[in-house]
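Asks: With the input below, show me the fold.
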Amino acid sequence: MSIFEVSLPEETVKEALQRWAKGHRMSLRRQAELLGIAESTLANSVNPHIDNCHYQLRHLVSQTMLLQDFGMMDYLESCLGRVAFGLPGAPECVVDLQGELARTIREFGDVVQVSGEALEDGLISRNEVKRIEREVHELVRQVMGFLQSVKDRTERF
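Replies: Alright, predicted model coming up:
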């Protein structure tokens, strides 16, 4: 995907930051306190009407973890035409690893089935695209979890 193929959202980054930070149940004051900065600094840095105050990216990961809200990360991913998601935990034993592989194969089968159903009439509706997309994301999550499980069992020398 080239930069010319990306369509930017109507909402600016600062507008998204403000909606994300101020719209959370944890007060902006408490967020600032836990980030170790003044409330006014945080409030001004996410205010889209104040140009001379900038949000410091070094706070993004900490604030995301603090809020347990990936909304801002999702916004950034969507701006780039990408989707991020959490990886499942790795199983504890080899038998579980074989189960993970079976689940991965099953997820692939789900993608094939949903895609086949959508293509039967030669047209793909928006709902069908959403179903295919959901199944593909589940497959990718499963594949990445399986890969992590394999890596976790690599002998260390």
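Asks: Just give the number of residues close to residue 114.
Replies: By other Cβ atoms under 10 Å, 17 other residues sit near residue 114. For every residue, glycine as well, the C-beta is placed using N, CA and C.
Asks: State the pLDDT value of it.
Replies: Residue 114 carries a pLDDT value of 88.
Asks: what sits against it?
Replies: 128, 131, 132, 135 (Cβ atoms under 8 Å, 6 or more residues apart in numbering).
Asks: packing partners for the helix or strand hosting the first one?
Replies: Taking DSSP states H and E as the criterion, the element that holds residue 128 is helix 126-152. The criterion is 3 or more Cβ pairs under 8 Å, 6 or more residues apart in numbering; DSSP states H and E, and the helices and strands that helix 126-152 contacts are helix 94-119.
Asks: chain center to the helix it packs on, what's the gap?
Replies: 21 Å (Cα atoms, centre = their mean, to the nearest Å).
Asks: Compute the first-to-last residue distance for stretch 39-57.
Replies: 16 Å (Cα to Cα, to the nearest Å).
Asks: quick one: that stretch to chain centroid distance?
Replies: 24 Å.
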